[in-house]
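Peer 1: Next input, structure requested:
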Amino acid sequence: MLWIISEQTRSPQVTMPEPHWKMRKSFSRSALRGQKGFSEIDLKLEMVSQDALRRTLFPLGGLTKDFVKKIAAENRLHHVLQKKESMGICFVGKRNFENFILQYLQPRPGKFISIEDNRVLGTHKGWFLYTLGQRARIGGLREPWYVVEKDGTKGDVFVAPRTDHPALYRDLLRTSRVHWIAEEPPAALVRDKMMECHFRFRHQMALVPCVLTLNQDGTVWVTAVKAVRALAPGQFAVFYKGDECLGSGKILRLGPSAYILQKGKSKSRVSTEGPSDGPGSGPGLGPTL
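Peer 2: As a prediction, this is how the structure comes out:
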């Protein structure tokens with residue numbers, strides 16, 4: 001939730017800090033990372049146009065939620081203090097997500113399949129009800145299993161037995177054409193075709209060091225310094241340089257998981273140690289990106 005307090009309700013005893021923005025010579029504005037407790041602000045701004053930012057003021061840009069609540073308490077705005085924060089999909093509210101989605105989409109039954117041995121563990125009502133990384137509640141199984149892959153054609157959902165299973169971790173992704181907030185694209189990326197920065201794809205997750213590689217069509221490859229859990233197509237990768245939010249691109253494709261890469265290395269060792277039909281005789285394990 002973004003908190004807004006008008007001039008009329010501001011307490012005269014409270015000194016409001018300068019807005020958390022910096023001006024460029026072109027009189028454009030570049031979004032800066034939110035303070036602790038307001039880190040969702042930059043995730044809202046990463047798709048805003050530069051033209052809109054030039055005409056926008058964010059008076060709470062440098063404040064934490066705790067500080068804003070303090071102002072509200074001093075001005076006896078108790079309805080603000082008592083209002084619960086929304087977590088998840090705001091317009092859905094407190095209801096069963098599966099039942100909500102199935103009001104609009106027809107069920108498409110499929111199977112839960114173990115990523116390790118292809119065993120069928122159970123059935124579900126639709127692969128679109130699950131996102132990568134979430135726990136899959138499979139009837140008859142007490143131990144937790146987690147979604148690691150989805151096959152929208154066959155309707156199968158592949159699962160792994162641990163929350164830290166290597167099938168959940170990847171270090172490579174490709175985005176759609178990136179929306180850059182202040183520069184289109186950053187000069188360093190244009191000059192070198194590569195640029196070090198940080199990214200995140202979920203609210204409040206820690207920033208991940210990465211290297212961007214610019215493609216001719218404006219899309220980028222993102223190579224994370226360390227493998228990241230539960231990357232998923234359709235989410236937005238948001239890029240940062242220091243405190244500045246640079247922009248974002250929708251995740252279109254993912255590289256192979258750490259589990260697939262481990263299997264590939266194991267097969268390579270077996271092939272090297274045993275008989276071989278020649279170079280390149282083994283099947284490729286990585287997806288075409």
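Peer 1: use CA for all of it now, contacts and neighbours both
Peer 2: Noted.
Peer 1: What segments of the stretch 51-200 of the chain are helices?
Peer 2: According to DSSP state H, counting those that start in this stretch, the stretch 51-200 of the chain carries its helices in the segments 65-74, 78-82, 97-101, 187-192.
Peer 1: Could you identify which of these has the lowest mean pLDDT?
Peer 2: Between these, the one with the least mean pLDDT is helix 78-82; it has a mean of 83.
Peer 1: Show me what it is packed against.
Peer 2: helix 65-74 (3 or more CA pairs under 8 Å, 6 or more residues apart in numbering; DSSP states H and E).
Peer 1: what separates the helix it packs on from the chain centre, distance-wise?
Peer 2: Between the centre of helix 65-74 and the centre of its host chain there is 29 Å, according to CA atoms, centre = their mean, to the nearest Å.
Peer 1: got it, and stretch 228-247?
Peer 2: Using CA atoms, centre = their mean, the distance between the centre of stretch 228-247 and that of its chain works out at 6 Å.
Peer 1: quick one: terminal-to-terminal distance for that stretch?
Peer 2: 20 Å (CA to CA, to the nearest Å).
Peer 1: same thing with stretch 126-145?
Peer 2: For stretch 126-145, the first-to-last residue distance is 17 Å (CA to CA).
Peer 1: which of the residues in it are buried?
Peer 2: Judged by neighbour count using 16 or more other CA atoms under 10 Å, the buried positions of stretch 126-145 are 126-133, 135-138, 145.
Peer 1: just to revisit the earlier point, do you know which of the helices of the stretch 51-200 of the chain lies nearest residue 237?
Peer 2: When the helices of the stretch 51-200 of the chain are compared for distance to residue 237 using CA to CA, the nearest one is helix 187-192, at 16.5 Å.
Peer 1: mind checking the backbone torsions on the nearest residue to residue 190 once chain neighbours are set aside?
Peer 2: Residue nearest to residue 190 in three dimensions, not counting chain neighbours: residue 214, with 7.5 Å by CA to CA, 6 or more residues apart in numbering. Recorded main-chain torsions at residue 214 are phi -80, psi 130, according to degrees, to the nearest 10.
Peer 1: List the contacts of residue 214.
Peer 2: With contact taken as CA atoms under 8 Å, 6 or more residues apart in numbering, residue 214 is in contact with 189, 190, 193, 194, 220, 221.
Peer 1: what's the neighbour count on the last one?
Peer 2: This points to residue 221. Residue 221: 22 surrounding residues under other CA atoms under 10 Å.
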